[in-house]
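Novice: how would this look folded up:
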Amino acid sequence: MLDNVTRYQSIKHMTHEGTTIADLYTLTWSVSQLDEAMATLAQKAGFLSHPTQLPKFPEHVEHPDNELIGQWVSVAVGRLGLETEAVEFSYAEVGQMVCHAGPALIRLPDETTPRFLVLLKGGRRRVSVITPESTVRRLHAEQLRDVLTHDLEEPLLSPIRQLLAEADVPEDRQASVQSSILSEQLSSARIGGCWIVRMSPGDDFWKQIRHARLPRYFLTMLGMHFIAQMLMLLG
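Specialist: Below is the predicted model:
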């Protein structure tokens, strides 16, 4: 994992707490931990009420591709009565994926040693991930986006910055212009390695209602309606 950390030290984005993107790799899971990762995700996402054991990922596979990993994930979550969907998204959709993907398993870009983030919940500004210690950590959504797009952007950054300098683009506009050029150059790029976990459509109806937290929303709406009625009567 040290090679991965060194590889991402060049990414300049930092959180408000001063955490570099390289630190994100300390929160990742290895292939040999996938069984524990998926079981922990299912429990913390509210799909299961108790811990369970899943089959280990085949040890003889040194460099598994996304297709093989997806097959294993599908079988593993199937044993939990859940289902998974392999998602591929465009460069422009990465930010949206980070906001809405959880609960999900995300493979970080790496051609050698696969590392995975267990995304419990997405968010516009922050996301929640499950660490190998089974704790939940909050990260900046932009931090995760930077890691997922780093390998696509890195070869283009130096030529773009040189072009902006030669064109005398004002410094306060360089970031936005660079972002626009990257979006145009990478419009056809695709990013895979994301598996969304969800309840099976054939699962118990009331269980799905409870997992969606609809009772709480219903009670909240009922309470607001009651308060509105009381205020109207008092008026």
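Novice: which secondary structure element of this structure has the lowest mean pLDDT?
Specialist: helix 205-211 (a mean of 44; mean pLDDT, DSSP states H and E).
Novice: quick one, phi/psi of Leu120?
Specialist: According to degrees, to the nearest 10, the main-chain angles of Leu120 amount to phi -80, psi -40.
Novice: contacts only, for it.
Specialist: 41, 44-45, 102-103, 128-130, 136 (C-beta atoms under 8 Å, 6 or more residues apart in numbering). Bear in mind the C-beta positions are built from the backbone N, C-alpha and C, glycine included.
Novice: determine the longest helix present in this protein.
Specialist: helix 141-166 (DSSP state H).
Novice: shaky segments in the protein?
Specialist: Flagging of the chain using pLDDT under 70 yields the residue ranges 1-22, 111, 200-226, 228-231, 235.
Novice: how many other residues sit next to Phe113?
Specialist: If you look again at residue 113, you'll see it is Thr, not Phe. When neighbours are counted by other C-beta atoms under 10 Å, Thr113 registers 12.
Novice: revised request: answer the last question for Pro170.
Specialist: Each residue near Pro170 was counted by other C-beta under 10 Å, and the total is 8.
Novice: what about it, distance to Pro55?
Specialist: 57 Å (C-beta to C-beta, to the nearest Å).
Novice: and the contacts of stretch 42-53?
Specialist: Stretch 42-53 is contacted from outside by 35, 39-40, 77, 80-82, 102-103, 120, 130, 134, 136, 197, 199, 211, using C-beta under 8 Å, 6+ apart.
Novice: buried ones among those residues?
Specialist: 35, 39-40, 77, 80, 82, 102-103, 120, 130, 197, 199 (16 or more other C-beta atoms under 10 Å).
Novice: doesn't Pro132 lie inside a helix?
Specialist: No. Assigned with DSSP: H, G, I helix; E, B strand; the rest coil, Pro132 falls outside any helix and is coil.
Novice: just checking, it touches Ser32?
Specialist: No. Here Pro132 lies out of contact with Ser32, judged by C-beta atoms under 8 Å, at a distance of 10.9 Å.
Novice: between the two, which has more neighbouring residues?
Specialist: Using other C-beta under 10 Å, the more surrounded residue of Pro132 and Ser32 is Pro132, with 15 against 10.
Novice: residues contacting the more buried one?
Specialist: 27-29, 33, 36-37.
Novice: 10 Å - rerun?
Specialist: Residues in contact with Pro132 (C-beta atoms under 10 Å, 6 or more residues apart in numbering) are 26-30, 33, 36-37, 40, 118.
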